[in-house]
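> coordinates only, no sequence provided:
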């Protein structure tokens, strides 16, 4: 699997590869090609490592072991424990709206633009299998009911961006921008301009043809975007967003199409935008209260 | 999920996940955090008023250490009880300098209103990071007022254990204080004399040394709760009398003695003798504190048990609740303090029992009527309001009402030590510079 590509750009070097079901790019304000190669390798290795370790689509990793433990207690490694701890923190911070056990709801919901709204009874049954409060998690040991699952997909991509930023910072002071499918962060200020110009997809009410790219400048920190204008269901004039409330199993009504947030780290930006989506029509109010820079459509 | 501020919690959770120091700590590496405040303290009935501007500044150093400095100025005015108690007759006293007199009306608590002073105090602490888990803090303090000089040195060692969930602290402090009161050091248990008579003095200055050791443990119990337990032992040696405080010598009628040794017109001796306290005091403190974070609000509770070899035992309960509003916060505060009297505390001395009528000799070794050594209760209620201004500064205002009730034991109503009411008003502004 050698999809990793490096090419010269006006600013330095531009690397790209695919991981975590997203196009990934690494923009480097670097002249030296071997340094650019080294940076790109570090970033792509880290992205692929995190994908392998935490993807729920694989059968050789810790997530598989947890989800197939059949009720037995599983001892996890330190990094996994930190991610689960973070998920638990977010569960409490969000009063249960962010829940790493909610991935199972996707069995009922397929957001393909169709009108396939699931039956209420199906959702009701699945919701019983969701809820971090039903999980026993202590000192790296997790146990839950056999029918439950955990999914770190809501954290993984942002975590990979921040981890990659940390690794790159260990080897160079040059400014590097890392972008994994729209979640991005910089290692330091761009020396030439002081900022990186970043494009962000904005949409015309879910109509693909009216998609446009707004440019803005990122000097330091991270930006993450939640929402996907093309993932929804439409039935009898009601648009069902792909943002599911883990307590009800149903889409949060009146969500924004997309929310982008700027923060010191990609994880904070990503979680803020996710939680803003979960607020439905209170997203703007929520973001203003947090006093974070944000863009909302 | 109700709309609420979660930025700080999110930031802390992220720092833990990425195993980095929290951004607040990093930001402080290059900046001074500065707090300026002005405190106004006023006791009722024209007693002590204090005006206290202060400035604190701290900076994290690049090597992981930290520097903290503080400058406090106290301007005191007003009058302070001189130790004699109220009487049904007018009472006349000589000022400490011996150059003047003042007369207190029947029923009034004798206050010495020549009391006025300015104190300047400066301190600095330097924290050195010894290794990743241990720190040493070296401190120094100088405080100077008109008749008093205090010099102090301290060293504290702190070590984190158990994934930084536990911190052990050991510290040592040493102070040397020198007092040079107006008019010299009164000879203990001898009478105040009339203006122009030769005062009973035992030199112009005296000093004391104060040594303290402290052992403490701080434990993070859960994500939301932290507890701290300290024990400290202190030894004070040297001159511990309040040079300006006297006791009333009463006769069989309960009035200030006017005969024999205390026949003022003939002997020049007034019926008030200077207090005397032991020159050694061993103090013990057991202190427990816990802070508990609710979703947004914070509860702080502390309890202190104090005991010393002067037989003073005290309990202090302190409760603060920080109520977080959208931007600002309100913090109600309640404190209850109760102490027993020192073993040598006495409301007065009486001729025939404690004092020889003809020689004035006092049969007690130690005696004081300082209300601070009496059995007492103090209740404090207060409210603080804090308002962040931007990301880097905060304004706060704090008001407190204090009531101290002294229990003199069985004394006549009109001789009792009056309750003391006081208010505190403090304005503070802190910023990262």
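Ah, there it is. What you are looking at is a predicted structure, and each value in this text was computed from that prediction instead of being measured.
> residues from the stretch 1-150 of chain A in reach of chain B?
Residues of the stretch 1-150 of chain A lying close to chain B (Cβ under 8 Å from any Cβ of the partner chain) are A:82, A:83, A:85, A:86, A:89, A:90, A:93, A:94, A:95, A:96, A:97. All C-beta atoms are positioned from the backbone trio N, CA, C, and that covers glycine.
> most surrounded residue in the residues you listed?
Most neighbours among the residues of the stretch 1-150 of chain A next to chain B, by other Cβ atoms under 10 Å in any protein chain shown: residue A:90, with 27 neighbours.
> quick check: that one is in a helix.
Yes: counting by DSSP: H, G, I helix; E, B strand; the rest coil, residue A:90 is found in a helix.
> strands of the stretch 51-200 of chain A, residue ranges please.
A:74-75, A:136-138, A:141-143, A:176-180, A:183-186, A:196-204 (DSSP state E, counting those that start in this stretch).
> same question, the stretch 51-200 of chain B
B:66-77, B:80-81, B:91-94, B:101-104, B:111-112, B:117-131, B:134-145, B:148-161, B:166-179, B:191-193.
> packing partners for the longest one?
The one in question is strand B:117-131. strand B:66-77, strand B:134-145, strand B:148-161 (3 or more Cβ pairs under 8 Å, 6 or more residues apart in numbering or on different chains; DSSP states H and E).
> hmm, try it at 7 Å
strand B:66-77, strand B:134-145 (3 or more Cβ pairs under 7 Å, 6 or more residues apart in numbering or on different chains; DSSP states H and E).
> parallel or antiparallel, list what pairs with the last one.
The reference is to strand B:134-145. Here strand B:134-145 has these sheet partners by DSSP bridges: strand B:117-131 (antiparallel), strand B:148-161 (antiparallel).
> need the contact partners of the shortest one.
For strand B:148-161, the external contacting residues (Cβ atoms under 7 Å, 6 or more residues apart in numbering or on different chains) are B:133-143, B:166-179.
> angle of that strand against strand B:166-179?
170 degrees (axes from the mean of the first three to the mean of the last three Cα atoms, to 10 degrees).
> low-confidence stretches in the stretch 1-150 of chain A?
A:1-2, A:113 (pLDDT under 70).
> all strands for the stretch 301-433 of chain B, in order.
Counting by DSSP E, counting those that start in this stretch, the strands of the stretch 301-433 of chain B are B:313-324, B:329-339, B:349-350, B:375-389, B:393-407, B:420-432.
> so which of those strands is nearest chain A?
Of all the strands of the stretch 301-433 of chain B, strand B:375-389 sits nearest to chain A, with 10.1 Å by Cβ to the nearest Cβ.
> who's in contact with that closest one?
With Cβ under 7 Å, 6+ apart as the criterion, strand B:375-389 contacts B:327-341, B:394-407.
> picking that back up, can you select the buried ones from the contacts of strand B:148-161 in PyMOL?
Selection of buried members from these for PyMOL, criterion 16 or more other Cβ atoms under 10 Å in any protein chain shown:
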select buried, chain B and resi 135+137+139+141+143+167+168+169+171+173+175+177+179
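> before we move on, the earlier item: may I see the helices and strands packed on strand B:117-131 organised as JSON lines, with mean pLDDT added?
Formatted as JSON lines, these follow (pLDDT from 0 to 100):
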{"stretch": "strand B:66-77", "mean pLDDT": "93"}
{"stretch": "strand B:134-145", "mean pLDDT": "95"}
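> adding distance to residue B:252, write those strands out as CSV.
Converted to CSV, the helices and strands packed on strand B:117-131 look like this (distance: least, Cβ to Cβ, whole Å):
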stretch, distance to residue B:252
strand B:66-77, 39
strand B:134-145, 42
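> can you tell me which of these is nearest to residue A:57?
Distance to residue A:57, taken as Cβ to Cβ, is lowest for strand B:134-145 among the helices and strands packed on strand B:117-131, at 46.1 Å.
> now the angle between strand B:66-77 and that closest one, please.
Per the same axes, to 10 degrees, the angle that strand B:134-145 makes with strand B:66-77 is 20 degrees.
> low pLDDT regions in the stretch 151-297 of chain A?
In the stretch 151-297 of chain A, residues with pLDDT under 70: A:199-216, A:228-239.
> tell me the residues of it that contact chain B?
Residues of the stretch 151-297 of chain A lying close to chain B (Cβ under 7 Å from any Cβ of the partner chain) are A:162, A:166, A:264-265, A:267-268, A:271-272, A:282, A:285-286, A:289-292.
> the longest helix in chain B is where?
helix B:7-18 (DSSP state H).
> which other helices and strands contact it?
helix A:78-93, helix A:266-278.
> output the ones you listed as CSV; include the columns distance to residue A:3.
Shown next, in CSV, are those (distance: least, Cβ to Cβ, whole Å):
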stretch, distance to residue A:3
helix A:78-93, 25
helix A:266-278, 22
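> return the most buried member of the ones you listed.
helix A:266-278 (a mean of 26; mean count of other Cβ atoms under 10 Å in any protein chain shown).
> name the helices or strands packed onto it?
Counting by 3+ Cβ pairs under 7 Å, 6+ apart, helix A:266-278 packs on helix A:153-171, strand A:183-186, strand A:222-226, strand A:259-263, helix A:283-290, helix B:7-18.
> contacting residues around the last one?
Contact partners of helix B:7-18, identified using Cβ under 7 Å, 6+ apart, comprise A:82-83, A:85-86, A:89-90, A:93, A:162, A:166, A:265, A:267-268, A:271-272, A:290-292, B:21-23.
> give me every residue that touches residue B:78.
If you count contacts by Cβ under 7 Å, 6+ apart, residue B:78 has them with B:43, B:46, B:47, B:48, B:49, B:115.
> one more time with 6 Å
B:47, B:48, B:49 (Cβ atoms under 6 Å, 6 or more residues apart in numbering or on different chains).
> cool, residue A:6 as well?
Residue A:6 sits next to A:13, A:15, A:40 when contact means Cβ under 6 Å, 6+ apart.
> hang on, the earlier thing: deepest-packed of the strands of the stretch 51-200 of chain B, please.
strand B:191-193 (a mean of 23).
> just checking, what packs against it?
strand B:269-274 (3 or more Cβ pairs under 6 Å, 6 or more residues apart in numbering or on different chains; DSSP states H and E).
> tell me the helix or strand right after the strand it packs on.
Tracing the chain C-terminally past strand B:269-274 and defining elements by DSSP states H and E, one meets strand B:280-293 next.
> report the buried residues of that next one.
Applying a neighbour-count criterion of 16+ other Cβ under 10 Å, one finds B:281, B:283, B:285, B:287, B:289, B:290, B:291 buried in strand B:280-293.
> same list, these, but as a markdown table with distance to residue B:315 and pLDDT please.
Formatted as a markdown table, these follow (distance: Cβ to Cβ, whole Å; pLDDT from 0 to 100):
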| residue | distance to residue B:315 | pLDDT |
| --- | --- | --- |
| B:281 | 19 | 97 |
| B:283 | 15 | 97 |
| B:285 | 12 | 97 |
| B:287 | 12 | 97 |
| B:289 | 14 | 95 |
| B:290 | 17 | 94 |
| B:291 | 20 | 91 |
